[in-house]
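Chemist: Attaching a predicted model along with its sequence, questions to come.
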Amino acid sequence: MRMVLAIILCKILRFVGKLVGKGSSLPGQFALKLCPDVLRRVKLPSYVIAVTGSNGKTSTVEMIASVLRAAGKDVVYNAEGSNQIEGVTTLILTHCTLGGKMKGDVLLLESDERYARYSFKWFHPTHFVITNLYRDQLTRNGHPEWVYDAILPAIHDDTTLVLNADDPLVSCFAQGHDKVKWFGLEAWEGATKEHHGVYHDGARCPVCKGKMEYTLYHYNQVGHYRCTACGHHRHEPDFAATSLDLKEGKLVLDGDTEIALSFRSIYNVYNILAAWSLCRLCGVDKQTIAKVLGSYILKNGRMVTFTLGGHHGTLLTSKHENSVAYDTNLRYIKDTGKDCSVLVIVDAISRKYFTGETSWLWDIDFDQLAAPHVKRVVLCGKYVNDLALRFDCSAVPQDKITCLDTVAQAAELLEQDGEEDLYVVTCFSDRDKLLGRVQRTE
Ligand SMILES: [Zn+2]
């Protein structure tokens, strides 16, 4: 009876909430008060898929949803990104019959690394995709190994783990777990023998702290590794990107399926690979997956193009407090090889909470902007002094750097002179301060 009441209450609150434009966590919160174990009582679809990791969750979930829908499945997923237990409860209960049976063939969840254990206490995903773990939002998450410990209680024996074989920390989730499927990227032109980046979180083995050896690096600590002490190593992937040409935008999966990349970033390759692996495990045929992923344009709009004065601009949305997101975008700029200016904005560090903590700037490999085709670097925002200090200790020549206090001043300066390509590197909330001052193009 309690379950039925919780479902009714949740549906009513969600309906009213939508009318007044309220978020999706409150209905679930009340339903949980009325019936704390409601998530255990409801009957879920035969596929319950969860995706977590530091980067790429939203994109991967979007791709999986598109593919599964194209394959004719009815997919329910948390598109609004409310990925804590209250939001998950709202999503499930609003899709339930009064008898407690959830409608749809697939429940697909983007899951917050730190909160997965609370939701999955009551029900277990059939498939749990873990994309990567690296330094992200230090103030909130601490170190990746802390996040690893936070995810661990969310993993149950009956769940099939779908893991990134190339991430040494993620691969630890397989220890003592029977049902594991791996995905990974094989050698390609952009892989390096040497490690690149300011810090190396893969230098020591996450299992025994022994010295790690890599035969190749894809980026940061992601690559082909083996511990010289305990033997912790990259597993042979069940699903692999067997060939990759980022310049041509060509990716081959499992040796026979080619996908054209709309966004040529190594990140995107891993998101596609994760989505591919999961959809293959759900029995979708290769052609259907390739067709959807090949024409897939990310809805979350991390890459936006615009004009500002004589500049053709590209906004590469990064995440503050996440050096890997920055590094990947800086590498993209470095690889273009064409004359350009770069604008870096740090005005508000997070849109969710206040912090003035800027140590993460020191984790970013800004030396990549020392490339000769980068003609000018403009730094701006409330934290411009922190940026300036960081650049003081970089390889970027000082005479290339201009520092300004506000986004408006930077936009004004760039509008007035120059015609070279312009790349803007910043996070979602700071980018909006610039978008109001430029002409967007498609
Ligand atoms: Zn080891």
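Modeler: Now that the structure is in, tell me what you want to look at.

Chemist: which parts of the worst-scoring helix or strand of the chain on mean pLDDT are buried?
Modeler: Ranked by mean pLDDT, DSSP states H and E, the weakest helix or strand in the chain is helix 138-141, scoring a mean of 73. Burial within helix 138-141, assessed by neighbour count using 16 or more other C-beta atoms under 10 Å, is assigned to 138, 141. Backbone N, C-alpha and C define where each C-beta goes, glycine included.

Chemist: Same question for stretch 379-387.
Modeler: 379-384, 386-387.

Chemist: taking the residues you listed one by one, which sit in strands?
Modeler: The strands, defined by DSSP state E, take in 379-380 from the buried residues of stretch 379-387.

Chemist: Residues contacting the next helix or strand after the least confident helix or strand of the chain, please?
Modeler: Following helix 138-141 in sequence order, the next helix or strand is helix 144-151 (DSSP states H and E). Here helix 144-151 makes contact (C-beta atoms under 8 Å, 6 or more residues apart in numbering) with 52, 54, 113-114, 116-117, 130, 133-136, 141, 169, 172-173, 201, 206.

Chemist: For the helix or strand residue 31 falls within, which outside residues touch it?
Modeler: Counting by DSSP H and E, the element that carries residue 31 is helix 25-34. Applying C-beta under 8 Å, 6+ apart, the contact partners of helix 25-34 are 2, 5-7, 9-11, 13-14, 17, 38, 82, 84-91, 93-94.

Chemist: Kindly write the PyMOL command that selects the buried subset of those.
Modeler: Here is the PyMOL command that picks out the buried ones among those, judged by 16+ other C-beta under 10 Å:
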select buried, resi 6+7+9+10+11+13+14+17+38+82+84+85+86+87+88+89+90+91+93+94
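
Chemist: what's near enough to touch residue 134?
Modeler: By C-beta under 8 Å, 6+ apart, the contact list for residue 134 reads 54-55, 144, 201, 220-221, 322-324.

Chemist: if we take those residues, which one ends up nearest to residue 435?
Modeler: The closest of these to residue 435 turns out to be residue 322 (C-beta to C-beta; 20.6 Å).

Chemist: residues near the closest one, how many?
Modeler: Using other C-beta atoms under 10 Å, residue 322 has 22 other residues around it.

Chemist: show me what contacts the closest residue to it other than its chain neighbours?
Modeler: Once flanking residues are discounted, residue 322 sits nearest to residue 136: 4.6 Å by C-beta to C-beta, 6 or more residues apart in numbering. Residues in contact with residue 136, defined by C-beta under 8 Å, 6+ apart, are 54-55, 144, 147, 319, 321-322, 324.

Chemist: Of those residues, which belong to helices?
Modeler: 144, 147, 324 (DSSP state H).

Chemist: neighbours around the last one, how many?
Modeler: Spelled out, it's residue 324. 25.

Chemist: do the same with the second one
Modeler: The burial metric for residue 147, expressed as a neighbour count using other C-beta under 10 Å, is 23.

Chemist: Quick check, residue 239 in contact with residue 165.
Modeler: No. Residue 239 lies out of contact with residue 165 (C-beta atoms under 8 Å); the separation is 9.4 Å.

Chemist: anything in contact with each of these two?
Modeler: Counting by C-beta under 8 Å, 6+ apart, the residues touching both residue 239 and residue 165 are 182-184.

Chemist: can I get those residues in CSV with pLDDT?
Modeler: Shown next, in CSV, are the shared contacts of residue 239 and residue 165 (pLDDT from 0 to 100):
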residue, pLDDT
182, 98
183, 98
184, 98
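
Chemist: Next, the residue nearest to residue 322: secondary structure please.
Modeler: For residue 136, the assignment made with DSSP: H, G, I helix; E, B strand; the rest coil gives coil.

Chemist: pLDDT wise, what is it at?
Modeler: Residue 136 is assigned a predicted lDDT (pLDDT) of 79.

Chemist: quick one: it and the ion, what's the gap?
Modeler: 24 Å (C-beta to the ion, to the nearest Å).

Chemist: Pick the one among the contacts of residue 136 closest to residue 308.
Modeler: Comparing these against residue 308 with C-beta to C-beta places residue 319 closest, at 22.9 Å.

Chemist: how far is the top helix by length along the chain from where the chain is centred?
Modeler: Scanning the chain for the longest helix, with DSSP H as the assignment, gives helix 2-19. Computed by C-alpha atoms, centre = their mean, to the nearest Å, the chain-centroid distance of helix 2-19 equals 31 Å.

Chemist: And stretch 226-245, by the same measure?
Modeler: For stretch 226-245, the distance to the chain centre is 21 Å (C-alpha atoms, centre = their mean).

Chemist: ok, back up a step: next, the residues that contact the very next helix or strand once past the helix holding residue 31 from outside, please.
Modeler: Using DSSP H and E, the next helix or strand after helix 25-34 towards the C-terminus is helix 38-41. Defining contact as C-beta under 8 Å, 6+ apart, one finds that helix 38-41 is touched by 2-3, 6-7, 31-32, 35, 85, 88-89, 92-93, 100, 119, 122-123.
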